[in-house]
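Below is the structure, and that's it, no one-letter string:
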């Protein structure tokens with residue numbers, strides 16, 4: 001699991017790096033780096049289920065806020081969100097954020113479950 005956690009950490013650090021041109025770069029850089037730090041700590045056996053839960057809950061709240069936009073995008077026939085790196089429609093940025101949060105939530109859910117198993121909770 002150490003290698004997987006380190007790969008995830010590097011991936012999230014890379015994601016954070018590419019947020020510099022985002023409309024809200026510091027928020028996303030902080031989010032990606034927070035999850036990267038959790039992965040690094042987990043790689044070295046330093047797991048804290050309370051921190052994992054707090055980050056996971058924060059991500060879920062943000063995801064729920066973006067859910068109506070994602071549903072609107074689905075109802076509109078899922079117009080392309082890959083046409084350009086610049087968000088030319090409101091859906092592009094919101095759907096990309098929604099899907100990014102999905103990846104982060106999956107990683108944090110995995111971290112939370114693993115921290116509970118190893119702590120005996």
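That came in fine, so what should we check first? Note that the coordinates shown come from a computational prediction; the quantities given were computed from them, not determined experimentally. Residues are numbered from 1 along each chain as shown.

where exactly do the helices run in the chain?
Assigned helices in the chain, in chain order: 2-17, 25-43, 49-75, 90-119 (criterion: DSSP state H).

Show me what the second one is in contact with.
If you take C-beta atoms under 8 Å, 6 or more residues apart in numbering as the criterion, helix 25-43 is touched by 1-2, 5-6, 8-10, 12-13, 15-16, 19-20, 22, 47-48, 51-52, 55, 59, 97, 100, 104, 107-108, 111, 114-115. To be clear about C-beta, it is placed using only N, CA and C from the backbone, and glycine gets the same treatment.

if we go to 7 Å?
Contact partners of helix 25-43, identified using C-beta atoms under 7 Å, 6 or more residues apart in numbering, comprise 2, 5-6, 8-9, 12-13, 15-16, 19, 22, 47, 51-52, 55, 104, 107-108, 111, 114.

which parts of it are buried?
If you call a residue buried by 16 or more other C-beta atoms under 10 Å, then helix 25-43 has these buried ones: 28-29, 31-36, 38-43.

which of those lies closest to residue 91?
Nearest to residue 91 among the buried residues of helix 25-43: residue 28, at 17.4 Å, using C-beta to C-beta.

can you pull the pLDDT of the closest one?
pLDDT, residue 28: 94.

mind putting the buried residues of helix 25-43 in JSON lines, distance to residue 64 included?
Converted to JSON lines, the buried residues of helix 25-43 look like this (distance: C-beta to C-beta, whole Å):
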{"residue": "28", "distance to residue 64": "17"}
{"residue": "29", "distance to residue 64": "22"}
{"residue": "31", "distance to residue 64": "15"}
{"residue": "32", "distance to residue 64": "19"}
{"residue": "33", "distance to residue 64": "22"}
{"residue": "34", "distance to residue 64": "18"}
{"residue": "35", "distance to residue 64": "18"}
{"residue": "36", "distance to residue 64": "23"}
{"residue": "38", "distance to residue 64": "21"}
{"residue": "39", "distance to residue 64": "24"}
{"residue": "40", "distance to residue 64": "27"}
{"residue": "41", "distance to residue 64": "26"}
{"residue": "42", "distance to residue 64": "25"}
{"residue": "43", "distance to residue 64": "29"}
